[in-house]
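[1] predicted model follows, preceded by the sequence.
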Amino acid sequence: MGSRKRSAKDNRRGAELTQSFRKGLASGLRVGAYKAVSDRDVRLRPPAAEVRSGLRPRECDAVSDRAGKMRSPTAVKNSPPLWNLRETLRAPSVVNLSRIALLLILSLPLNSQSLDSLRHLLRENNPQLQALNYEYRAASTLGRQESQLMDLEVGGGISPMPVETRLGPQIARIGVTQMLPWPGTLAAMADLADARAQPLLEEAAARQLDLTYELEVAYYRIVEAEARIATLQTSLTLFASLREIALSRVENSRGSSVDVYRSEMETNAAAREIRSLEAEQALAWTRIEELVNQELPRVLVVPEARPFPTLPGADLYDNHPLVRIYALQEEISRRALAVNDLDARPDFGVGLEYAVMGKRTDADPEGNGQDMIMPNVMVRFPLSKGKYAAKREEEELRVRVIGAQRTVVVNELRSALEAARIAAADAADRLAFLDEQIELTEAALSIARTEYANSRRPFDELLRLQNDLVDYQLQAIATRTTRFNQIATADRYLPRQ
């Protein structure tokens, strides 16, 4: 008999747990004070602590399908209480835990959007990245254009009054000329054109990092809103219980109806905040769909956590796209100098002229009226050397400018990463503090609730403790988000191949 009761109780708890997760218990992240976002993951606490802060445990990394769907206040008020989830997770039964795992697996949507899948869609479909790719491919064709010889020159003419020669009058002539640059000039120009195309690849890589960062900002905005909604739903249930206690005291002539109205006011405010968060989720999904250039099922997977990455040495920053661009620009200047030196050399030209001759009528010399063929060679000397010297000076100064700009970017990257590391460490310390405050506030609230029911505690103090608990939970979500924001900043600025 006792076994059947425990089984029925387990079934009820399993059903409540599934319903709770389908309502969208999400890991709490927020785009915080540093306006950055983590890309991958949230380290989760033990189940009881998770429920206190509105964040789901690791076993329950399920999906939320709330974003973009506006719920009514009635639906918000009827959400299942989170302490049912807490009691279920605390149950020691192995059968109960197995049943929970099975229910979570079966309730996981197949079309959910993970952060990795969204990154892949962004790389494949984003119009900005596609435009940069086409621009690079177009610039890559310039090298083949520059490696070709100059156009062939063809000229000719007819003489209305032919010039008399020994073999007869010159009636018409045609000439062909081909200019030839100094040996190696065409190859140097092709190399310069190819070098000018290479920074476009690094520009695309840097832009991809920026767009990925924007994607993560929107993604974690949704996750953060989901976690805040879960916390506010818990507060709705708690405010409803306070209202019931206040009504009971009024019915027993031991309390004031003002307490009931104040509970109702707090409930309405929380319900309105939930609707506002749902609208924020819808806006974030719109931004994600814009970045990946397609419509998506508005269901996401809460990622897992990872530690803050190790910062690199100063010599490793050369691998970041923002720094590699300057190295490529220096290479462009060096190749421009090589072309400039070759342009200062003479150019050559070879040609052939063909003249149509008429016959003489006053004499008959040998070869009378025979057409004439005359090859010719030309050399063009650049007499003004000043412009080539000025060009060399310009490129040498440009190399120095590029070196200084590179140093500025490296210092900015190093500073941003160090600031992110410090902020992440501070957020981790603050999160531990908030966890402790949540535990103490819960304990105090439990005692205050009992004392208020027994007319030994004023309602104002009970309501203040309840609001403090919700505030600490929301602060924990924001602090957790702040930490992962800094990890996203590190992903954006760390050197990478």
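    Arrived safely. Numbering: from 1, shown residues only.

[2] test my guess that residue 329 contacts residue 200.
    No: in this structure, residue 329 is not within contact of residue 200 by Cβ atoms under 8 Å, at 11.8 Å. C-beta coordinates here come from the backbone N, C-alpha and C atoms, glycine included.

[3] what's the helix or strand hosting residue 397 packed up against?
    Using DSSP states H and E, residue 397 sits within helix 386-453. Counting contacts by 3 or more Cβ pairs under 8 Å, 6 or more residues apart in numbering; DSSP states H and E, helix 386-453 is packed against helix 47-53, helix 185-251, helix 321-343, helix 459-493.

[4] among those, which is nearest residue 375?
    When these are compared by Cβ to Cβ, helix 185-251 sits nearest residue 375, at 23.4 Å.

[5] centroid-nearest residue for this structure?
    residue 212 (1.2 Å; Cα atoms, centre = their mean).

[6] pipe the helices and strands packed on helix 386-453 into CSV and attach mean pLDDT and distance to residue 302 per row.
    Listed next are these as CSV, based on pLDDT from 0 to 100; distance: least, Cβ to Cβ, whole Å:
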stretch, mean pLDDT, distance to residue 302
helix 47-53, 35, 12
helix 185-251, 87, 6
helix 321-343, 91, 30
helix 459-493, 86, 12
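
[7] looking at those, which is nearest to residue 439?
    Of these, nearest to residue 439 by Cβ to Cβ is helix 47-53, at 7.0 Å.

[8] ok, which stretches of the stretch 51-200 of the chain are strands?
    63-64, 153-165, 168-180 (DSSP state E, counting those that start in this stretch).

[9] which of these is buried the deepest?
    strand 63-64 (a mean of 26; mean count of other Cβ atoms under 10 Å).

[10] what's around residue 149, how many residues?
    10 (other Cβ atoms under 10 Å).

[11] show me the contacts for it.
    178, 179, 180, 186 (Cβ atoms under 8 Å, 6 or more residues apart in numbering).

[12] ok, now with 10 Å
    With contacts defined as Cβ atoms under 10 Å, 6 or more residues apart in numbering, residue 149 is in contact with 178, 179, 180, 181, 186.

[13] distance check, the closest residue to the residue nearest to the centre of the chain other than its chain neighbours against residue 307.
    Of all residues not flanking residue 212 in the chain, residue 119 sits nearest, at 5.9 Å (Cβ to Cβ, 6 or more residues apart in numbering). Distance of residue 119 to residue 307, computed by Cβ to Cβ, to the nearest Å: 20 Å.

[14] and residue 444, by the same measure?
    Distance from residue 444 to residue 307, by Cβ to Cβ: 33 Å.

[15] re earlier: export the helices and strands packed on helix 386-453 to JSON lines and append columns for distance to residue 400.
    Formatted as JSON lines, the helices and strands packed on helix 386-453 follow (distance: least, Cβ to Cβ, whole Å):
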{"stretch": "helix 47-53", "distance to residue 400": "54"}
{"stretch": "helix 185-251", "distance to residue 400": "18"}
{"stretch": "helix 321-343", "distance to residue 400": "10"}
{"stretch": "helix 459-493", "distance to residue 400": "25"}
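
[16] out of the ones you listed, which is closest to residue 276?
    helix 185-251 (9.1 Å).

[17] and the next helix or strand past the closest one?
    helix 257-292.

[18] quick one: buried residues of that next one?
    Within helix 257-292, the residues scored as buried using 16 or more other Cβ atoms under 10 Å are 259-260, 262-263, 266-267, 270-271, 273-274, 277-278, 280-282, 284-285, 287-289, 291-292.

[19] same check, this time on stretch 346-357
    Quick answer for stretch 346-357 (16+ other Cβ under 10 Å): 347, 351, 353, 355, 356, 357.

[20] ok, stretch 449-464 next?
    Of the residues in stretch 449-464, 449, 452, 453, 457, 459, 462, 463 count as buried by neighbour count, 16+ other Cβ under 10 Å.

[21] out of those residues, name the two that are farthest from one another.
    It's 453 and 463 that sit farthest apart of the buried residues of stretch 449-464, by Cβ to Cβ, at 14.1 Å.

[22] pull the contacting residues for the residue nearest to residue 212.
    So residue 119 contacts 39, 40, 208, 211, 212, 215, 216, 219, 291, 292 (Cβ under 10 Å, 6+ apart).

[23] which among those residues end up buried?
    39, 40, 208, 211, 212, 215, 216, 219, 291, 292.

[24] how about these in CSV, adding distance to residue 362?
    Below are the buried ones among the contacts of residue 119 laid out as CSV (distance: Cβ to Cβ, whole Å):
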residue, distance to residue 362
39, 96
40, 100
208, 84
211, 86
212, 90
215, 92
216, 96
219, 98
291, 89
292, 89
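
[25] nearest to residue 409 among these?
    residue 208 (17.3 Å).

[26] the closest one and residue 488: what is the separation?
    Look at residue 208 and residue 488: by Cβ to Cβ, they are 14 Å apart.

[27] okay, and the common contacts of residue 329 and residue 200?
    With Cβ under 10 Å, 6+ apart, residue 329 and residue 200 have no common neighbours.

[28] cheers, nothing more for now.
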